[in-house]
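Novice: turn this into a structure:
(chains A, B, C and D)
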Protein chains: 2
Amino acid sequence: MTAPAVVRRRRSQRGSGDQLRAEIVAVAKRLLAAATSVDGVSIRAVADAVGVTPPSIYLHFADKNDLIAAVVADVFAELDAAMLEAGARAQGPMEKLRDYGMAYVRFAVDHPEHYRLAAMDPCPRPDVDEVLANSAFVHFNATVVECIEAGIFPAGDPLPITLDLWSAAHGIASLLIAKPFLPWGDRDQAVERVLCAAALGHAAVGLVGEPATPARVTEWLKRRRPSRRTPRASR
Amino acid sequence: MTAPAVVRRRRSQRGSGDQLRAEIVAVAKRLLAAATSVDGVSIRAVADAVGVTPPSIYLHFADKNDLIAAVVADVFAELDAAMLEAGARAQGPMEKLRDYGMAYVRFAVDHPEHYRLAAMDPCPRPDVDEVLANSAFVHFNATVVECIEAGIFPAGDPLPITLDLWSAAHGIASLLIAKPFLPWGDRDQAVERVLCAAALGHAAVGLVGEPATPARVTEWLKRRRPSRRTPRASR
DNA sequence: TGTACATCAGTGAACGCGCGTTCACTGATGTAC
DNA sequence: TGTACATCAGTGAACGCGCGTTCACTGATGTAC
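Specialist: Here you go, the predicted structure:
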């Protein structure tokens, strides 16, 4: 065992208190990536890893929730950056939407605990505007608008479509995280299948010209392609 | 304040140790419904609420995880019962799938913490077979098979379709739970929209006859319905 | 240039708490004789 | 029917631990004169 590693930090310069703040957020983020819940990372552990005493944390954050919130904001920014980069070279709005969605899910799978923290755990301070003003959400919604303008999705309010597609991406992302052992087969394929099915479903709703209900879905399918097999009596 | 309520239980009869076990599970389940995480419910709190001392719990469960696992099993059983009841009077496989999906999401929204525990939190002891043999999953998959047999979904392995539809239901369910403050509008409508879009997407994949990719989706849409508006240059 | 002083980032020690789990024990119940 | 005894569900007290947070303090830094 090594000695209790008292690597004392150099004290910050007068004006540069923000440096320690940023370092605390970065370290907390790193530790949270390896924990399975917020309770798994303590203020003391963060302080230790930064090389500072626990009370120092309170010079920069009101309390633990405040620190966690800062990490969540950082995670969302990273997610947005990953999405933007993935969608930068898309050929059209539909491709961009796909690239965004794939990048979203890949981020979730690559940083499961960060994703859990940001999108699956209960919000410590829930705020509509904060989510809707979130860069990732804004970029996603803008692309849905492009799809509407391109005639891919039915005209109208983009918000429900954005929420629906987000649900689809979140569904496959969070299920991959929560139940990674399921027989997903090739993960990228599964993700693309789900995202395309959702997008296609919405596009098809536009084709049908009416909101989809199961009755309409069935009717629509019957009209266009009569059953290839006789339905068996259900056991 | 009332006196420390020492309501001592009657000691169980010799053979009826299972009665206390069941009572512990029921109480733990009730307490978990009001907590935001497993850490929010302690062995001590469960013991208190049952009217028993903490060590008694260990006569019936190896440790806390074991107790939680019993609650999760109970939650899944309740979920399956709710789904079965909802789908009992469905007219066809597609309607049954819809009823199952709606019941699934309703259960999640009505019991958010139970759903979080069972489907969103990390599995304490992950087990493929346990999930795939789970009644709710089996019933869901069987209905997908019926849909395939009825020609609604493309022929082939039902498992990917089941997983995809589960992802869709899980997506809207868990997002409603994690971000209830978003502008969902009418919740039932949002749920039906997402589920139908997913189902319709898969059905449409069957129509197209090839796996969906964004390129194919766009092409397919263009072939069948040229853009109603000229795409604007993206800003 | 030198010195007294104000500032404030960070410290050390402690507060009070609740946790999961263990262990020797109790005492009501059922049973053997 | 009566009594000694074995069983074992449940108890009381404690173990060792880590937690979030507070508070009076320190001492390097920058500044006023």
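Novice: in which helix or strand does the residue in chain A positioned nearest to chain B reside?
Specialist: Among residues of chain A, the one nearest chain B by Cβ to the nearest Cβ turns out to be A:Gly171. It sits 2.1 Å away. Bear in mind the C-beta positions are built from the backbone N, C-alpha and C, glycine included. Under the assignment given by DSSP states H and E, the secondary-structure element containing A:Gly171 is helix A:158-178.
Novice: so what does that helix touch, helix or strand wise?
Specialist: In this structure, helix A:158-178 packs against helix A:93-110, helix A:112-115, helix A:135-149, helix A:187-208, helix B:158-178, helix B:187-208, with contacts taken as 3 or more Cβ pairs under 8 Å, 6 or more residues apart in numbering or on different chains; DSSP states H and E.
Novice: what number of residues lie near A:Ser42?
Specialist: A:Ser42 is flanked by 14 other residues according to other Cβ atoms under 10 Å in any protein chain shown.
Novice: so who does it touch?
Specialist: The neighbourhood of A:Ser42, defined by Cβ atoms under 8 Å, 6 or more residues apart in numbering or on different chains, contains no residues.
Novice: what's the weakest-modelled helix or strand in chain A?
Specialist: Lowest mean confidence among the helices and strands of chain A (mean pLDDT, DSSP states H and E): helix A:214-224, at a mean of 58.
Novice: before we move on, back to that, please name the nearest non-neighbouring residue to the residue of chain A closest to chain B.
Specialist: Using Cβ to Cβ, 6 or more residues apart in numbering or on different chains and skipping residues adjacent in sequence, the residue nearest A:Gly171 is B:Gly171, 2.1 Å away.
Novice: now that neighbour: how far from DNA strand C?
Specialist: In this structure, B:Gly171 and DNA strand C are 31 Å apart, going by Cβ to the nearest atom of the strand, to the nearest Å.
Novice: ok, now which ones touch that residue?
Specialist: Contact criterion Cβ under 8 Å, 6+ apart gives A:Ser167, A:Ala168, A:Ala169, A:His170, A:Gly171, A:Ile172, A:Ser174, A:Leu175, B:Val194 as the residues in contact with B:Gly171.
Novice: which pLDDT does the model give the second one?
Specialist: In this case it means A:Ala168. The pLDDT attached to A:Ala168 in the predicted structure is 96.
Novice: again with the last one
Specialist: In this prediction, B:Val194 carries a pLDDT score of 91.
Novice: what strand or helix carries A:Leu59?
Specialist: Here A:Leu59 sits in a region with no helix or strand, counting by DSSP H and E.
Novice: and it, its phi and psi?
Specialist: Taking degrees, to the nearest 10, you get phi -80, psi -20 for the backbone angles of A:Leu59.
Novice: against A:Met120, how distant is it?
Specialist: Distance check for A:Leu59 against A:Met120: by Cβ to Cβ, to the nearest Å, it reads 31 Å.
Novice: which of the two has more residues huddled nearby?
Specialist: Set A:Leu59 next to A:Met120 and count neighbours by other Cβ under 10 Å: A:Met120 wins out with 22 against 11.
Novice: for the more buried one, list the residues it contacts.
Specialist: Residues in contact with A:Met120, defined by Cβ under 8 Å, 6+ apart, are A:Ser174, A:Ile177, A:Ala178, B:Met120, B:Ser174, B:Ala178.
Novice: so it versus A:Ala88, what's the distance?
Specialist: Taken as Cβ to Cβ, the spacing of A:Met120 relative to A:Ala88 amounts to 28 Å.
Novice: ok, now A:Leu97?
Specialist: In this view, A:Leu97 and A:Ala88 are 14 Å apart by Cβ to Cβ.
Novice: which one of those two has more residues nearby?
Specialist: Neighbour totals were compared for A:Leu97 and A:Ala88, and A:Leu97 leads with 27 against 9 (other Cβ under 10 Å).
Novice: quick one: contacts for the more buried one?
Specialist: Applying Cβ under 8 Å, 6+ apart, one finds that A:Leu97 lies in contact with A:Phe140, A:Thr143, A:Val144, A:Cys147, A:Leu165, A:Ala199, B:Pro214.
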